[in-house]
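Turn this into a structure:
(one chain, ligands or ions: 2)
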Amino acid sequence: MRRSIATVCLSGSLAGKMDAAAAAGFDGLEIFEPDLVSSETSPEEIRARADRLGLSLDLYQPFRDFEGVREAELLDNLRRAEARFAVMRRLGIDTVLVCSNVGTATVDSDEVSAAQLRRLGDLADGFGIRVAFEALAWGRYIDDYRRAWRVVERADHPAVGVCLDSFHILSRGHDPAAIEDIPGEKIFFVQLADAPYLSMDVLSWSRHHRLFPGEGDFDLPDFVRRVMSAGYRGPLSLEVFNDTFRQTDTARTATHALRSLVWLEDQASKSLTGTGLQQLPALEPPSDLDFVEIKAENTDAVEEVLGQLGLTFLGQHRTKPVRLWASGQARVVLNEQHARDLEPHVAAIGVQVSEPYDVEARARALAVAGVVRRAAAGEQRLAGFSAPGGLEVFLGENSYGDEPAWVQEFQHGQPPALRAGRQSDANVTGVDHVNLVHTWDDQDEAVLFYTSVLGLTATPATEVASPHGLVRSRVMRTAAGRIRLPLNVAPAVSTAYPEHVAFSCGDIFGVAAGARVRGMRFLPVPNNYYDDLVARFHLDQATVDRLREYQLLYDRDEHGTFLHFYTRRIGRMFFEIVQRSDDYDGYGAANAHVRLAAQARLEP
Ligand SMILES: O=C(O)c1ccc(O)c(O)c1
Ligand SMILES: [Mg+2]
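Numbers count the residues shown, from 1 in each chain. Ligands and ions are numbered 1, 2, ... in the order given. Okay, here's the model as predicted:
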């Protein structure tokens, strides 16, 4: 399918948007009228530039407030249209988007709107132009694509069809099934946008909060399947009004946008044949976390805490200043290579997949930047990718719970007896989650990255108050929860907002007691928190006293309970220990503000 993007999705000048769209690999462009009007470049030059770049100019938009008016206004509107059509001719664009009237309509009649669109069709015909009529979700009378189609059908003009915009349809909860009743050749254009479910007026929602496919809550693959089933074969075009993407780097956003379309085509192609939708190498979500890598100029402080938490040092790498600590399925790689002046931070994760080569091919098809790490002879080379925000993600082979082969490269350390590890409940058993921090402008991109490359799914956003501002959080996870990556957007003022690695265990009191004996300094929890626990959960005093003794936090949902505690901050990170009981599926979000306030007290 041809892939297009509306200029309104991107920041910068019209020429810059065109260059970025072409460089990212788009085939076509929707010219948003304000981008043209404010540009110094003439329509002829824009057309020539598009030709040079190999971009087709697929749509001119929007033409507003046309139908549903009285005759005098209609004549005005036709004159307005004629002037636009003349500009479109100079641009070489043959389709105009006419959106339903929101401002000047006074006549609520299919018959009148149809007759007026027919007259517009006659005018457009003379210019070799087609009219794609779109029902805006907030149209004065026509606010539903099914009514827009009724009107277009009634207009019965070869130059008049519909434009289907996923946002206007799905935001209103309109059933997209009726798309399949529209003849494909009468669907003149398809615009795609995702969005999070928000309770707000639909115009503001549309103008500020649209997202690229795969980043929000709408079922875009189903939407595309329906337009394809109807027989539509025109461009799939992104039209995403979003306050963030309008300010981010143009080239980066264009690449991000194209990734969303490539992902969407792949998703939509399932259970459809002969549509020309491009498929990606098959995707099986990762089965497990392979390792977490922490990088710093000096990792001593991190290793001290890992020891206090009961992890075991497994050895130094054969050829690099890299060390491995582990317990159960938790493997933490400490890397001092190329780390001058760097404080401890989460630099990479490894995930285990059954077919690393397929995932690697998939990532390349999605235009994800690879990372290269030198491997000496005999060392395992893991394919790696740079995720938005800078985390490196490596692909390891599924080891089915056994020690992965690369562990053998860490041999200059403990004797084999220790390598086997002491397995008891009072040990860390694995990594429960890795909490990653993003800036305000790359969280959505990160959601798409983990969705499209690794097949993780995103939970809806939640918000937690910290002393420095609200923290917005979404969790990327596998269905079984073996991989969980909460992505947090840090408040703007706290530039070095810490990330954390959460270890799981089966006996958190045991781990806490061991850590205390080994001198670990816990993140202190205020007494007020424990008073509140009594009120919230009707816990008996003895239980609360025991929690307080170890500075543990407590949460409960309908499935089970959650106990957790935190270490103090080490550089740009810290550790958490968690114990899930029964099928508790959260992250102690109700306690997050207590943790954030405690951290702010220690490091204001
Ligand atoms: O927000 C708007 O006005 C607007 C304009 C044109 C569109 O195609 C659209 O979906 C929305
Ligand atoms: Mg639209």
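
and the residue in the stretch 51-200 of the chain positioned nearest to ligand 2, what is it in contact with?
At 3.5 Å from ligand 2, residue 165 is the closest residue in the stretch 51-200 of the chain, using CB to the ion. C-beta here means a position set from N, CA and C on the backbone, and glycine is covered the same way. Residues in contact with residue 165 (CB atoms under 8 Å, 6 or more residues apart in numbering) are 134, 190-193, 239.

Now cross-check those residues against ligand 2 and list the overlap.
When contact is defined as CB under 5 Å from the ion, the contacts of residue 165 meet ligand 2 at 191, 239.

how about TSV for the contacts of residue 165, with neighbour count added?
Formatted as TSV, the contacts of residue 165 follow (neighbours: other CB atoms under 10 Å):
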residue	neighbour count
134	25
190	25
191	24
192	27
193	29
239	28
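
which residue sits farthest out from the middle of this structure?
residue 72 (48.1 Å; CA atoms, centre = their mean).

My reading is that it is in a helix; is that accurate?
Yes. Assessed with DSSP: H, G, I helix; E, B strand; the rest coil, residue 72 lies in a helix.

Looking at it now. What's its pLDDT?
Model confidence at residue 72, expressed as pLDDT, equals 96.

ok, it to residue 345 distance?
67 Å (CB to CB, to the nearest Å).

swap in residue 215?
Distance from residue 215 to residue 345, by CB to CB: 25 Å.

out of these two, which sits in the busier spot?
Taking neighbours as other CB atoms under 10 Å, residue 215 and residue 345 compare with residue 215 leading, 28 against 21.

tell me the SS of the more buried one?
Classification of residue 215 using three-state DSSP returns coil.

wait, doesn't it sit right on residue 194?
Yes. At 5.4 Å, residue 215 and residue 194 qualify as touching, with contact defined as CB atoms under 8 Å.

Give me the common contacts of the two.
In contact with both residue 215 and residue 194: residue 260, using CB under 8 Å, 6+ apart.

Mind checking if stretch 202-214 is in reach of ligand 1?
Yes. Applying CB under 6 Å from any ligand atom, one finds stretch 202-214 touching ligand 1 at 206-207.

heads up, I number from 40, so please use that
I'll keep to 40 as the first residue from here, and by that count the last item is stretch 241-253.

what mean pLDDT would you report for stretch 363-372?
The average pLDDT within stretch 363-372 is 95.

on that earlier part again, spit out the contact partners of the residue farthest from the centre of the chain.
Residues near residue 111 by CB under 8 Å, 6+ apart: none.

Report the separation between it and residue 248.
From residue 111 over to residue 248 (counting by CB to CB), the distance is 38 Å.

swap in residue 393?
Distance from residue 393 to residue 248, by CB to CB: 37 Å.

and what of residue 526?
Computed with CB to CB, the distance linking residue 526 and residue 248 is 17 Å.

Give the pairing partners of the helix or strand that contains residue 391; include direction for each.
Using DSSP states H and E, the element containing residue 391 is strand 384-392. Applying DSSP bridges to the sheet, strand 384-392 is found paired with strand 327-334 (antiparallel), strand 431-436 (parallel).

Can you add distance to residue 484 and mean neighbour count and give these back as CSV?
Listed next are the strands paired with strand 384-392 as CSV, based on distance: least, CB to CB, whole Å; neighbours: other CB atoms under 10 Å:
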stretch, distance to residue 484, mean neighbour count
strand 327-334, 22, 23
strand 431-436, 14, 21
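
Put together TSV for those strands, with distance to ligand 2 and mean pLDDT on each row.
Converted to TSV, these look like this (distance: least, CB to the ion, whole Å; pLDDT from 0 to 100):
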stretch	distance to ligand 2	mean pLDDT
strand 327-334	41	97
strand 431-436	34	94
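
of all the ones you listed, which lies closest to residue 144?
strand 431-436 (51.1 Å; CB to CB).

Where in the protein is the helix or strand with the lowest mean pLDDT?
Of all regular secondary-structure elements in the chain, judged by mean pLDDT, DSSP states H and E, the least confident is helix 455-458 with a mean of 49.

Run the angle between the helix or strand following it and strand 327-334 for me.
With elements assigned by DSSP H and E, the helix or strand that comes after helix 455-458 is strand 467-477. Comparing the axes of strand 467-477 and strand 327-334 via axes from the mean of the first three to the mean of the last three CA atoms, to 10 degrees yields an angle of 60 degrees.

Fine by me, we can end here.
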